[in-house]
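A.B. asks: this one's sequence-less:
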Ligand SMILES: [Zn+2]
Ligand SMILES: [Zn+2]
Ligand SMILES: [Zn+2]
Ligand SMILES: [Zn+2]
Ligand SMILES: [Zn+2]
């Protein structure tokens, strides 16, 4: 009998509750009497834990065990907390949980110096500064000469994509004509 259980696995009877008012279930192998147990609660419906709570609770009818879960909050609209501040707050309409964040009203990026640009909030006057977001661009021209197409390097431009500051320069490593095809 033991050998059969080792080869084929146990041959369990159905799960049954061990005693009243307890949620422990047991099942017994019909061949060798091996016993397994587990906890299986018999929960009722999910209900709000209280009227002003975003938590739900369900209770086991056998042993009174409670399980809780969080429900999504029901936030109202974001509103500024003061006229000279950019802090906004919103509240859950059920449990009054508060959330805050900053909602600035930024002006456009302005050139500050060779390294950075800055912008200022129209509402609270806060200024932030960051490095230019340079974008490089090569300028060249294609000409036809003696049946060959040449690409001739002119210069490069570097332009900040945010404040539009720019300068142009010649990169000597790129100078010279490049054979690109037949024309
Ligand atoms: Zn068995
Ligand atoms: Zn239970
Ligand atoms: Zn809530
Ligand atoms: Zn602001
Ligand atoms: Zn810039």
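C.D. replies: It's in. Keep in mind it's a predicted model, so treat the numbers as computed, not measured. Ligands and ions are numbered 1, 2, ... in the order given.
A.B. asks: alpha carbons only for contacts and neighbour counts from here, please
C.D. replies: OK.
A.B. asks: So the chain: which segments form each domain?
C.D. replies: For the chain, the structural domains run 2-39, 72-103, 134-182, going by automatic domain parsing.
A.B. asks: How far away from the center of its chain is the second one?
C.D. replies: Between the mean C-alpha location of domain 72-103 and the chain-wide mean there is a distance of 20 Å, by C-alpha atoms, centre = their mean, to the nearest Å.
A.B. asks: Buried residues, it. List them.
C.D. replies: The neighbour-count check on domain 72-103 (16 or more other C-alpha atoms under 10 Å) flags 73, 75, 80, 86-92, 95-96, 103 as buried.
A.B. asks: Out of the domains of the chain, which is closest to ligand 3?
C.D. replies: Evaluated with C-alpha to the ion, the domains of the chain place domain 72-103 nearest to ligand 3, the distance being 3.8 Å.
A.B. asks: Poorly predicted segments of this protein, please.
C.D. replies: Low-confidence segments of the chain (pLDDT under 70): 1.
A.B. asks: Can you tell me which residues in it are near ligand 3?
C.D. replies: 54, 73, 92, 95 (C-alpha under 5 Å from the ion).
A.B. asks: Quick one: these as TSV, columns for distance to ligand 4 and secondary structure too.
C.D. replies: Below are those laid out as TSV (distance: C-alpha to the ion, whole Å; DSSP: H, G, I helix; E, B strand; the rest coil):
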residue	distance to ligand 4	secondary structure
54	32	coil
73	27	coil
92	24	strand
95	29	coil
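A.B. asks: so which of those residues comes closest to ligand 1?
C.D. replies: Nearest to ligand 1 among these, with distances taken as C-alpha to the ion, is residue 54, at 47.1 Å.
A.B. asks: So which of the buried residues of domain 72-103 sit within strands?
C.D. replies: The strands, defined by DSSP state E, take in 80, 87, 88, 89, 90, 91 from the buried residues of domain 72-103.
A.B. asks: Not counting residues beside it along the chain, what's closest to the second one?
C.D. replies: Put plainly, it is residue 87. residue 102 (4.5 Å; C-alpha to C-alpha, 6 or more residues apart in numbering).
A.B. asks: I'm done for today, thanks for sticking with me.
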